[in-house]
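Student: predicted model, plus sequence, below.
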Amino acid sequence: MEKKYYIFQKNKVVYRNNEEVPHPFDQKELDSITGRQSPLIMQEAPTEKGLITVELGENHPLPNGYDLVPLRSLLGWADDSLFGKWGKASQLLHWFNSNRFCGKCGSPTEPHPSEMARVCPGCLANHYPAISPCIIVLVYRKNEILLARACRFPIKLYSTLAGFIEPGETAEEALEREIFEEVQLRVRNIHYFKSQPWPFPGQLMLGFFAEYLSGEINIDGHEICDAGWYTYDRLPEIPSAGTIAGQLIRHHLENKTHEK
């Protein structure tokens, strides 16, 4: 099986600056990029042979013709399959860096021979990649959708509401709680849309639609700095179609337009 190397430096993707979309590298290019310096990390995904994530040292000089780009920039640039590969490689790298030592006894961990896990030779604990499930939801009513600006967003960008699922919650319970905590609204008719791996650094986004039931918008002022109802023909700047938030919005608008 041909090996493909997904190379990172400073938490960014290494790519050829003359190609249209960042692709992984073969062995020859890996050797050219690394030169005589060994990578900090070179780890194969146990469940996907041939996918190898590589981390270069921060001061490792890149040859001419290569540059760095944030992983997030690949959304909408690379197709879903290619972004998924880079995302998986990035999550593998994050997991490896976060599990060098056993969280139970502190011993250095070792690769599992067949599973995506780190094994502790001291207490025999297995450490698997931690995936954090999140909900992301588009709330709608009549010909309007609810969009909000998170305090961390660029000033013009508005998106759907989202949040982490807490221990003991169902996805639907987390959705209702997050909406009420962030904007003080109640919803009904919750239905599932699709999911998206979100490697920033290791979430799984579960996308939903929900119909407005009651309440007036009252933002929390902590996570959400602004929110409002927007008609289909007067939308602010929204996330790209490569994100599940952008897909939720576009799917809803397309279907509502077709209904007319």
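Tutor: Cool, the structure landed. Keep in mind the model is a prediction, meaning the values are calculated, not measured.
Student: ranges for the helices of the stretch 1-150 of the chain?
Tutor: For the stretch 1-150 of the chain, the helices defined by DSSP state H, counting those that start in this stretch cover 27-34, 80-98.
Student: what residue spans form the domains of the chain?
Tutor: Here the domain assignment for the chain is 4-98, 101-129, 132-259, based on automatic domain parsing.
Student: tabulate the ones you listed (TSV), appending mean neighbour count and mean pLDDT.
Tutor: In short, each C-beta sits where N, CA and C put it, glycine included. Shown next, in TSV, are those (neighbours: other Cβ atoms under 10 Å; pLDDT from 0 to 100):
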stretch	mean neighbour count	mean pLDDT
domain 4-98	16	92
domain 101-129	14	91
domain 132-259	16	94
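Student: can you tell me the closest non-neighbouring residue to A117?
Tutor: Spatial nearest neighbour of A117, chain neighbours left out: N126 (4.6 Å); criterion: Cβ to Cβ, 6 or more residues apart in numbering.
Student: now the one you found: how far from V187?
Tutor: Distance of N126 to V187, computed by Cβ to Cβ, to the nearest Å: 39 Å.
Student: ditto for P201
Tutor: Applying Cβ to Cβ to P201 and V187 gives a distance of 29 Å.
Student: what's the helix or strand for the closest residue to I165 other than its chain neighbours?
Tutor: By the measure of Cβ to Cβ, 6+ apart, the closest residue to I165 outside its immediate chain neighbours is A174, 4.2 Å from it. In the assignment (DSSP states H and E), A174 maps to helix 171-183.
Student: who does that helix touch, helix- and strand-wise?
Tutor: Contact here means 3 or more Cβ pairs under 8 Å, 6 or more residues apart in numbering; DSSP states H and E; on that basis helix 171-183 packs against strand 132-141, strand 144-150, strand 161-164, strand 186-198, strand 203-214, strand 224-231.
Student: cutoff 6 Å now
Tutor: The elements that helix 171-183 packs onto, with contact taken as 3 or more Cβ pairs under 6 Å, 6 or more residues apart in numbering; DSSP states H and E, are strand 132-141, strand 161-164.
Student: among those strands, which is nearest R36?
Tutor: Nearest to R36 among the helices and strands packed on helix 171-183 is strand 132-141; the distance by Cβ to Cβ comes to 38.7 Å.
Student: point to the residue nearest the middle of this structure.
Tutor: Compute the mean C-alpha point of the chain, and by Cα atoms, centre = their mean the closest residue is W198, 1.7 Å away.
Student: list the contacts of it.
Tutor: M205 (Cβ atoms under 6 Å, 6 or more residues apart in numbering).
Student: can you do 7 Å?
Tutor: Contacts for W198 (Cβ atoms under 7 Å, 6 or more residues apart in numbering) come out as 204-205.
Student: what about it, distance to K88?
Tutor: From W198 across to K88, the span is 12 Å (Cβ to Cβ).
Student: could you do P167 as well?
Tutor: Distance, P167 to K88, using Cβ to Cβ: 26 Å.
Student: need the helices of the stretch 1-150 of the chain in TSV (columns: distance to V119).
Tutor: Below are the helices of the stretch 1-150 of the chain laid out as TSV (distance: least, Cβ to Cβ, whole Å):
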stretch	distance to V119
helix 27-34	27
helix 80-98	13
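Student: just to revisit the earlier point, contacts for the helix holding A174?
Tutor: In contact with helix 171-183 (Cβ under 7 Å, 6+ apart) are residues 135, 137, 139, 148, 161, 163, 165-166, 185-187, 190, 206, 208, 210, 217-220, 223-224, 227.
Student: okay, the angle between it and strand 144-150?
Tutor: Angle, helix 171-183 to strand 144-150, by axes from the mean of the first three to the mean of the last three Cα atoms, to 10 degrees: 70 degrees.
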